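Participant: what follows is a predicted structure for the sequence shown.
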Amino acid sequence: MSKRAELHFDGNVYELPVLEGTENEIALDISKLRAQSGLITLDVGFKNTGSTPSAITFLNGEKGELRYRGYSIEELADKASFLEVAYLLIYGELPTEDQLTKFDTGIRNHTLVHSDVLEIMRGFPASAHPMGVLSSLICSLSAFYPNSLDPYRPAEEVDLTITRLMAKLPTIAAWSYKNEMGHPVNYPDNNLDYCSNFLKMMFSLPTYEYEIDPVVADALNKLLILHADHEQNCSAATVRIVGSAHSSLYTVIAGGINSLWGPLHGGANQAVIEMLEMIAADGGDVDKYVLKAKDRDDPFRLMGFGHRVYRNFDPRARIIKKSCDDVLEKLGVDDPMLEIAKKLEQVALEDEYFVSRKLYPNVDFYSGIIYRALGIPKEMFTVMFALGRLPGWIAQWKEMREANQPIGRPRQLYTGYTLRPYVPIEERA
Ligand code: SDX
């Protein structure tokens, strides 16, 4: 017998279905609430509102658990390749050897980007943030593949668009870095695996042949897996709502990139390093910055701390923190920012303000330390997040489209003026 809830309002009783997910989460189905009662719900920031059923990612904020299609993030980060995880998220199952080879080969054969996209990039100043370049150039791909504008394309054409995005985003991401550095771009090498190809495009120079360091490639593989999806986060919700209008997938992903760029979301990884640099420049006085973060009159926040869903350690932060020591030791890097980060974490986790609000380090708190050790500049940190999150965005879009969900169009509670007559300009105060 399915559970039901009763809403008593204005002398009436309305029955509302209660839905239960596979992890025993329960949800009040209000899809017919307005028709039944004239009522809508209001939940600014959607802190208590589910937008969709989904079978892609499960996270338990209280326990700090994260799973992609049922597999734990710990196992996937430890045993899988990023392309295996991308395939799992997008198509729902871990690929067989043949499926992975076909997926990987398809991506390798589409890494080249039309030379006119490079001309568009050349219009950006070197001062342009790589996230703005990335979202603009990914959106521009809709001009080079106009078929993608027709949302009712056959499945194999949708798969081709998915392959093109997986293949071309790393190339364009590396180019956005070269644009910022004022260096000539590198072209993809289809003989290399996904992570090695990206690193080579990022760091090779006409005067310097970049040697792929397996420690760096392995760390990047793990970081991309950890960032691959995170259920209905801000950018995934953006992707779903833009996609619900049946826009081209290229424009949908550009929307996700723009949402991720915000410092409260994926942009936090760059903001964490800038915060640590500021603390270092100020004599490393972490207590002073913890006090600032607690002061409601001070806009300063402890970047990389807190999370909408996790009320425990972000499991990704736990894995990345462990990798930090490992990667820095293997690369022989001694980064003073790591010690400041660890001290800041220790002080915050013992402070009542953070403990009472269940504020813990999130995925962004330590990721920048590893990116720095890999030689990636802080302006590229959120681009790295986008590189990892791409398969998650694609999976969320695909699930929404295959479920034939309606266009997303929330209601509102109007609080403005009631009807009033026009006032001629000469009569206005
Ligand atoms: C990501 O959603 C996802 O899954 C996102 C993500 C993903 O994989 O897609 O996990 C990636 O975006 C991680 C979050 C990165 N952002 C940051 O690190 C920025 C710093 N964190 C905060 O701005 C904040 O914690 C958010 C934005 C992450 C969450 O904000 P919420 O859920 O809206 O919480 P809130 O702002 O209502 O905070 C609740 C209380 C408030 O204090 P009171 O009103 O109770 O007095 O906690 C305080 C906040 O002031 N608070 C902080 C804080 N975060 C929350 N105080 C100081 N420093 C912080 N970082």
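Facilitator: That came through, no problem.
Participant: contacts for stretch 365-374?
Facilitator: Stretch 365-374 is contacted from outside by 216, 219-220, 223, 226-227, 269-270, 272-273, 276, 303-305, 317, 320-321, 323-324, 327-328, 331, 333, 335, 337-338, 341, 345, 378, 380-381, 384-385, using Cβ atoms under 8 Å, 6 or more residues apart in numbering. In short, each C-beta sits where N, CA and C put it, glycine included.
Participant: ok, now how distant is the residue of the stretch 51-200 of the chain found nearest the ligand from residue 315?
Facilitator: Nearest residue of the stretch 51-200 of the chain to the ligand: residue 59, at 7.7 Å (Cβ to the nearest ligand atom). Using Cβ to Cβ, to the nearest Å, residue 59 is found at 8 Å from residue 315.
Participant: which neighbours do these two have in common?
Facilitator: 65, 66.
Participant: hang on, the earlier thing: need the nearest residue in space to the residue of the stretch 51-200 of the chain closest to the ligand, chain neighbours excluded.
Facilitator: residue 66 (4.7 Å; Cβ to Cβ, 6 or more residues apart in numbering).
Participant: show me what contacts that neighbour?
Facilitator: 57, 58, 59, 72, 73, 230, 315, 316 are the contacts of residue 66 under Cβ under 8 Å, 6+ apart.
Participant: now do stretch 43-56, average pLDDT.
Facilitator: Regarding stretch 43-56, the rounded mean pLDDT is 97.
Participant: where exactly do the helices run in the stretch 151-300 of the chain?
Facilitator: 155-181, 194-203, 214-226, 234-243, 249-261, 268-281, 286-294 (DSSP state H, counting those that start in this stretch).
Participant: to residue 139, which of those lies closest?
Facilitator: Comparing those against residue 139 with Cβ to Cβ, the closest turns out to be helix 249-261 (3.7 Å).
Participant: list the contacts for the residue of the chain found nearest the ligand?
Facilitator: Per Cβ to the nearest ligand atom, residue 306 is where the chain lies closest to the ligand, at 2.4 Å. Going by Cβ under 8 Å, 6+ apart, residue 306 touches 357, 359, 360, 362.
Participant: adding distance to the ligand and secondary structure, write these out as CSV.
Facilitator: Listed next are the contacts of residue 306 as CSV, based on distance: Cβ to the nearest ligand atom, whole Å; DSSP: H, G, I helix; E, B strand; the rest coil:
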residue, distance to the ligand, secondary structure
357, 4, coil
359, 5, coil
360, 10, coil
362, 4, coil
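Participant: out of those residues, which are buried?
Facilitator: Buried members of the contacts of residue 306, counted by 16 or more other Cβ atoms under 10 Å: 359, 360, 362.
Participant: for the residue nearest to residue 59, which three-state class applies?
Facilitator: The three-state label given to residue 66 by DSSP: H, G, I helix; E, B strand; the rest coil is strand.
Participant: what about it, distance to residue 318?
Facilitator: For residue 66 relative to residue 318 (Cβ to Cβ), the value is 10 Å.
Participant: residue 234 now?
Facilitator: 22 Å.
Participant: ok, now residue 251?
Facilitator: When residue 251 is compared with residue 318 (using Cβ to Cβ), they lie 35 Å apart.
Participant: next one: residue 426
Facilitator: From residue 426 to residue 318 the distance is 67 Å (Cβ to Cβ).
Participant: with neighbour numbers in mind, choose between these two.
Facilitator: Counted by other Cβ atoms under 10 Å, residue 426 and residue 318 do not tie: residue 318 has more neighbours, with 18 against 5.
Participant: which SS state does the more buried one fall under?
Facilitator: Quick answer, by three-state DSSP: residue 318 is helix.
Participant: what's downstream of the strand of greatest length in the chain, the next helix or strand?
Facilitator: Assignment by DSSP state E gives strand 12-20 as the longest strand of the chain. Following strand 12-20 in sequence order, the next helix or strand is strand 26-28 (DSSP states H and E).
Participant: I'd like the average pLDDT over that following strand.
Facilitator: In the prediction, strand 26-28 has an average pLDDT of 97.
Participant: contact residues of this structure facing the ligand?
Facilitator: When proximity is defined by Cβ under 6 Å from any ligand atom, the chain lies next to the ligand at 45, 230, 233-234, 264-266, 268, 293, 301-309, 357, 359, 362-364.
Participant: picking that back up, most packed of the helices of the stretch 151-300 of the chain?
Facilitator: Comparing the helices of the stretch 151-300 of the chain by mean neighbour count (mean count of other Cβ atoms under 10 Å), helix 249-261 ranks first with a mean of 25.
Participant: got the angle between that helix and helix 268-281?
Facilitator: Counting by axes from the mean of the first three to the mean of the last three Cα atoms, to 10 degrees, helix 249-261 lies at 30 degrees to helix 268-281.
Participant: hmm, who's touching helix 249-261?
Facilitator: Taking Cβ under 8 Å, 6+ apart as the rule, helix 249-261 contacts 129, 131-132, 134-136, 138-142, 145, 148, 158, 161-162, 165, 169, 234-239, 242-243, 265-267, 382, 385-386, 389-390, 393-394, 397.
Participant: that helix vs helix 234-243, what angle?
Facilitator: Using the same axes, to 10 degrees: helix 249-261 against helix 234-243 is 150 degrees.
Participant: off-centre distance for helix 249-261?
Facilitator: Remark: helix 249-261 is offset 10 Å from the chain centroid, using Cα atoms, centre = their mean, to the nearest Å.
Participant: using PDB, write out every CA atom in it.
Facilitator: The C-alpha trace of helix 249-261 is given here as PDB (Å, rounded to 0.1, in the frame of the first residue of the first chain):
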ATOM      1  CA  LEU A 249      23.100  20.000 -26.200                       C
ATOM      2  CA  TYR A 250      26.000  22.300 -27.000                       C
ATOM      3  CA  THR A 251      24.100  25.300 -25.600                       C
ATOM      4  CA  VAL A 252      22.900  23.200 -22.700                       C
ATOM      5  CA  ILE A 253      26.400  22.300 -21.700                       C
ATOM      6  CA  ALA A 254      27.500  26.000 -22.100                       C
ATOM      7  CA  GLY A 255      24.800  26.800 -19.600                       C
ATOM      8  CA  GLY A 256      26.200  24.200 -17.100                       C
ATOM      9  CA  ILE A 257      29.700  25.700 -17.500                       C
ATOM     10  CA  ASN A 258      28.300  29.200 -16.800                       C
ATOM     11  CA  SER A 259      26.500  28.100 -13.700                       C
ATOM     12  CA  LEU A 260      29.500  26.100 -12.400                       C
ATOM     13  CA  TRP A 261      31.700  29.200 -12.800                       C
END
